[in-house]
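Q: kindly return the folded structure for what I paste below:
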Amino acid sequence: YYYLILYIKGSMINVGVSRKKKSIWSNTLVPQLTLQGGRINQMHNQFTKNLLLLEDVTIEDIKHYQEQCEVRISQPVRSHICPQCGSTTNKIHDYRFQVIKDIPFLNKPLRLYYRKRRYKCQHCHKRFYEQVNFVGRYQRMTRRLIEVVLERLRSNFSMSSIAKDFGLSTCTITRIFDYVSYKLTDLPEVLSVDEFKGTTDKGKYHCILVDPIKSKVLDILDHRYLDYLLKYFSRFKNRNKVKYVIIDMWQPYKSAIQQLFPNAQILIDRFHYVRNCIWALDKVRKNLVKSLPYAKSKFLKNCKRLLLSHPNKLSTEGKMRLANILMLDNKLRLAYILKEKFMDFVRSKNVSEARYKLKLWLQLVEEYKVSEFSYLSRTIRRWKQEILNSFSVPYSNGCVEGFNNKIKVLKRNAYGFRKFSRFRTRILHCCS
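A: Residues are numbered from 1 along each chain as shown. Coordinates of the predicted model:
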């Protein structure tokens, strides 16, 4: 057998030919393949265009380097409308090369070397470039690259890591992201308000507004003070439609809602007053650790989780350890009883049951006279009605705490944000 090797656009085809058919191959088959060469080249070009998803583009050459991939492209000649006089022309004036950045290909940056034409109007002699659908005017990046970058910015990755993945600079990623803007126009029927630590140029704490029903961040405020809250919420025209506002025990929130939301019912999120109860019990334990000898304090130091656990969920060994711990001090035993009674109040199924159990718990605090829980009882009395309102509806700030955790991850990956406006837009872009 003789082997004839054909090279068609970088592809090698081996064709086996016997000795008897050698003359037939050379006289008939080779001319047929030669005539079909143009069709094969067009087929390979079409496959390459389908791979790159570029419409109305002719691919002239593809080169692979260690740092990047280069594709030389052009567009077919067609008639264009003059932007000045509106007449049709297909007269070419000159050519220019333009380097366009595209989405990565084979894990390497892709650069399109576009040979673009300038047409000349034969009527008014206006020179203008041909129309391109994959890149905007005055742009050096394809539209799909900008879309992919904006979609990647919805994740928790930092801008520097995204720039490295797409072969761009951090300034380019920032410049693309600065075109994104969000503005809140209407308020939902159920509104959650909370704060988180921001450390930007606007201050230490920022306020977050969330729709708990749709689990969506609505807006980020640079301050949480009363004057700023009144100025911000006064611009909304549908404040009368807000029925429930879920907050923590921060007085400016309550004052702003009472002044601007006449039909809204204020709810205190359960997480915050349950956390205050846990802090009160843990403070009693810490004070006891400081007063006991080293041997007993070491045993008491590692029992925080045991004191906070529900007694019915403990094993037999855990219940025995808990009984030995509560025998160490009478104040700790009274604090543990107050904690369990308070958690029983939190598990109430309706408002009437919650009001009855809360009344008993407040009487018990006055009777036991544990200073840490006395401070908690004063806070509960001050926010009593708002706390009881939380038992009438199934809404809470649970999703807000999840968004706060996501914001912490976003801030840690970026090593902080200096500019508040960019920090706000990034949060809304990731969480809306």
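
Q: can you report how many residues lie near residue 171?
A: Using other Cβ atoms under 10 Å, the number of residues around residue 171 comes to 10. Backbone N, C-alpha and C define where each C-beta goes, glycine included.

Q: helix or strand for it, which one?
A: If you go by DSSP states H and E, residue 171 is part of helix 170-177.

Q: who are the packing partners of that helix?
A: Judged by 3 or more Cβ pairs under 8 Å, 6 or more residues apart in numbering; DSSP states H and E, the packing partners of helix 170-177 are helix 143-152, helix 159-166, helix 420-431.

Q: could you redo the last one with a cut-off of 7 Å?
A: helix 143-152, helix 159-166 (3 or more Cβ pairs under 7 Å, 6 or more residues apart in numbering; DSSP states H and E).

Q: would you turn these into a markdown table with distance to residue 290?
A: Shown next, in a markdown table, are the helices and strands packed on helix 170-177 (distance: least, Cβ to Cβ, whole Å):
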| stretch | distance to residue 290 |
| --- | --- |
| helix 143-152 | 51 |
| helix 159-166 | 46 |
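
Q: which of the ones you listed is buried the deepest?
A: Mean neighbour count (mean count of other Cβ atoms under 10 Å) peaks for helix 159-166 among the helices and strands packed on helix 170-177, with a mean of 18.

Q: quick one on the thing from earlier: name the residues that touch the helix holding residue 171?
A: 146, 149, 150, 153, 159, 160, 162, 163 (Cβ atoms under 7 Å, 6 or more residues apart in numbering).

Q: run the last query once more with 8 Å
A: Contact with helix 170-177 is made by 141, 146, 149-150, 153, 159-160, 162-163, 166, 422, 425-426, 429, as judged by Cβ atoms under 8 Å, 6 or more residues apart in numbering.

Q: between those, which is closest to residue 214?
A: Nearest to residue 214, judged by Cβ to Cβ, of the contacts of helix 170-177 is residue 429 at 16.4 Å.

Q: so which of the contacts of helix 170-177 is the closest to residue 367?
A: Closest approach to residue 367 among the contacts of helix 170-177 (Cβ to Cβ): residue 426, at 51.7 Å.

Q: ok, that closest one to residue 412 distance?
A: Separation of residue 426 from residue 412 (Cβ to Cβ, to the nearest Å) stands at 13 Å.

Q: those two: which is more packed in?
A: Neighbour tally, residue 426 and residue 412, criterion other Cβ under 10 Å: the higher count belongs to residue 426, 22 against 11.

Q: may I see the buried residues of the longest helix that the chain contains?
A: As assigned by DSSP state H, the longest helix anywhere in the chain is helix 270-291. By neighbour count on 16 or more other Cβ atoms under 10 Å, the buried set for helix 270-291 is 270, 272, 273, 276, 277, 280, 281, 282, 283, 284, 285, 288.
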